[in-house]
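>>> How does the following fold in three dimensions:
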Amino acid sequence: MDYDNKNHDCSRGCIVDRDNTGMLQVAYDRGCCKLSDYNWLAGIDEDKYTDLYEVRFKNTRKLIYHNESGQMLKEGDLVVVEATNGHDLGIVTLCGVVVLRQMIRRKINPETYQFKKIYRKAKALDLERWQEAIAREQSTMIRARQIAAGLGLEMKIGDVEFQGDGTKAIFYYIADERVDFRQLIKDFAEEFHIRIEMKQIGARQEAGLIGGIGVCGRPLCCSKFMADFKSITTAAARCQDLALNPQKLAGQCSKLKCCINYEASTYLDARKSLPDAREPLDFSDGLAYLVKTDVLVGTMWFSFDKSNMANMFPLSAEQVMQIRELNRQGKKGDPVIEKSKGSDDTPEFVSAVGDDSISRFDSTGRKRNRGRGRDRRRPSDDQKGRSEGGQQASGQMRNEQRPREENRPREEQRPREENRPQQEQKPKEEQRPRGDRGRRWQGGRNNNRRPRGNENKA
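Numbering: from 1, shown residues only. As a prediction, this is how the structure comes out:
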């Protein structure tokens, strides 16, 4: 084992390492754990319930324990706690006054609730046994899935959590219907030789256990801070004018996203100030139908054609109420087309680019030759006048250094094609036929064969 590499166990929120002597060291890592807590009442002492501590285990499992060991505990200490059978090992995450706030949220009455005990701080032997049990979780989960599939059970085992002493394991499973575990638990007990506990979770809890990144680019809410899951319906999406597209509204758990409920109450309050526009508005131009609504802005967009959103015009909530009152009196609203033609509306949003054209990155269709000395761009008139003297001087130097064809004497010039002596052409009967030119590589096999042109003549 390489002692230099640290193991970040984010499911339990700790860092596992060994020193040079091989001693196991485990430390609490607040930034690498699911549903991490922050003690915002740190430093505030209260005499009542000072011995209550919140202890976390794997993933999102947390419990409140009572300290009867008499030892001074703080956040990040690894402690051995009481379990139903045997003992377990966890990490202290909260202590002090904020534990009372957690009990209120979980609806725990400290006067009647029976708290389990904290035995002591974890020793080196406890940590070794704990790490040995953790190392068995992955192989146990794979084997458990194989056994469940062999029995033909309609279920999925999502995760396995071993107890700190290694004598018990919790199997988290997902199932749509009720499952008969009688034979399954017997097979698990014979295979793993431990006590078995089956715990059913939903699809949202599974996403919280696994974790991941959402479409917003941040970690999933269920794995970061959400502990209670509320029901989410499509009515929350309709009130926000969201497109009812399952691919966009569903999260990684294949359920509706939890963030849909975040702003639903704000939209419901904003809609109370908007008038009801189910019936069209009667203008002198015609009947205008409601096409869309900007709820938070308080603007309602109308169009004279239900199926066309090209010629829309905005109206505020007050204007819609005024026109609605005129229609009730039998009057029609003022014409809208003439106002829209004369009005100069400025865009509501301005891009960060400003007034630059978006086609400035398009190619002009003219390819530039990037070779050295091959720039064919035409110079301007000023550049022509400035460079006339230099070009003449450079031209004279070139003529002096290397004479051109017309500067050479005629007898030294290269003869043209018509002045060259014509090559003696072979007679037609001695020329090789075209069909045999490609067979030269065959080593003269077809030398005795007649050419194709002479076969018909023969």
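>>> quick one, helices of the stretch 1-150 of the chain?
With helices called from DSSP state H, counting those that start in this stretch, the stretch 1-150 of the chain shows them at 98-105, 124-135, 137-150.
>>> For F313, see how far away P280 is.
P280 is 14 Å from F313, where distance means Cβ to Cβ, to the nearest Å. Heads up, the C-betas are built off the backbone N, CA and C, glycines and all.
>>> do L242 as well
Taking Cβ to Cβ, one finds L242 at 24 Å from F313.
>>> When the two are compared, which one has more neighbours?
Shown here are L242 and F313; by other Cβ atoms under 10 Å, F313 has more neighbours (19 against 14).
>>> Where does the prediction get shaky in this structure?
Low-confidence segments of the chain, defined by pLDDT under 70: 1-5, 31, 34-35, 40-47, 337-458.
>>> so what's V80 closest to, chain neighbours aside?
Closest residue to V80 apart from its sequence neighbours, by Cβ to Cβ, 6 or more residues apart in numbering: Y119 at 4.6 Å.
>>> Return the residues in contact with G333.
L281, D282, F283, S284, I323, L326, N327 (Cβ atoms under 8 Å, 6 or more residues apart in numbering).
>>> Which element, helix or strand, includes the closest residue to L296 other than its chain neighbours?
In space, L296 comes closest to A270 once its chain neighbours are excluded; the distance is 5.6 Å by Cβ to Cβ, 6+ apart. For A270, the host element (DSSP states H and E) is helix 264-271.
>>> picking up where we left off before, of all the helices of the stretch 1-150 of the chain, which one comes closest to I213?
Checking the helices of the stretch 1-150 of the chain against I213 by Cβ to Cβ gives helix 137-150 as the closest, at 22.7 Å.
>>> how many degrees apart are that closest one and helix 124-135 in direction?
40 degrees (axes from the mean of the first three to the mean of the last three Cα atoms, to 10 degrees).
>>> ok so, going back, what count of nearby residues applies to the residue nearest to L296?
That count, for A270 with other Cβ under 10 Å as the rule, works out to 18.
>>> Check the gap between it and E263 for me.
10 Å.
>>> How many neighbouring residues does K306 have?
Neighbours around K306, by other Cβ under 10 Å: 11.
>>> what residues are up against the nearest residue to Y65 once chain neighbours are set aside?
Counting by Cβ to Cβ, 6+ apart, the nearest residue to Y65 once its immediate chain neighbours are dropped is I118, at 4.8 Å. Shown in contact with I118 (Cβ under 8 Å, 6+ apart): Y53, V55, Y65, H66, N67, E68, S69, L73, V79, V80, V81, E82.
>>> Make JSON lines out of those and add neighbour count and distance to I185.
Conversion of the contacts of I118 to JSON lines gives the following (neighbours: other Cβ atoms under 10 Å; distance: Cβ to Cβ, whole Å):
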{"residue": "Y53", "neighbour count": "25", "distance to I185": "33"}
{"residue": "V55", "neighbour count": "24", "distance to I185": "27"}
{"residue": "Y65", "neighbour count": "21", "distance to I185": "28"}
{"residue": "H66", "neighbour count": "18", "distance to I185": "32"}
{"residue": "N67", "neighbour count": "21", "distance to I185": "34"}
{"residue": "E68", "neighbour count": "14", "distance to I185": "33"}
{"residue": "S69", "neighbour count": "15", "distance to I185": "34"}
{"residue": "L73", "neighbour count": "18", "distance to I185": "36"}
{"residue": "V79", "neighbour count": "23", "distance to I185": "30"}
{"residue": "V80", "neighbour count": "21", "distance to I185": "27"}
{"residue": "V81", "neighbour count": "23", "distance to I185": "25"}
{"residue": "E82", "neighbour count": "15", "distance to I185": "24"}
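>>> Please parse this protein into its domains.
When the chain is parsed with automatic domain parsing, its domains come out as 7-122, 132-207, 230-271, 281-342.
>>> mind checking the end-to-end distance for the third one?
Counting by Cα to Cα, to the nearest Å, you get 23 Å between the two ends of domain 230-271.
>>> Also the second one?
Using Cα to Cα, the end-to-end distance of domain 132-207 comes out at 26 Å.
>>> contacts for stretch 6-14?
Counting by Cβ under 8 Å, 6+ apart, 15-17, 26-30, 32-34, 36, 56-59, 78, 91, 93, 134, 209, 211 sit against stretch 6-14.
>>> ugh, typo on my part, it should be stretch 64-81
Under the criterion Cβ under 8 Å, 6+ apart, residues 14, 26-28, 30, 39, 51-55, 63, 82, 87-95, 99, 102-103, 106, 108, 113, 115-122, 126-127, 164 lie in contact with stretch 64-81.
>>> Please list only the buried members of those residues.
With burial judged by 16 or more other Cβ atoms under 10 Å, the buried subset of the contacts of stretch 64-81 is 14, 26, 28, 39, 52-55, 87-95, 99, 102-103, 115-116, 118-120, 122, 126-127, 164.
>>> The residue nearest to L296 reaches V297, doesn't it?
No - judged on Cβ atoms under 8 Å, A270 makes no contact with V297 at a distance of 9.1 Å.
>>> Name the residues contacting each of the two.
With Cβ under 8 Å, 6+ apart as the test, A270 and V297 reach no residue in common.
>>> How many residues are close by L100?
17.
>>> ok, now G214?
By other Cβ under 10 Å, neighbour count at G214 equals 18.
>>> What separation do you get for the nearest residue to it once chain neighbours are set aside and K257?
Residue nearest to G214 in three dimensions, not counting chain neighbours: L220, with 5.5 Å by Cβ to Cβ, 6+ apart. Distance, L220 to K257, using Cβ to Cβ: 10 Å.
>>> got it, and L315?
Applying Cβ to Cβ to L315 and K257 gives a distance of 32 Å.
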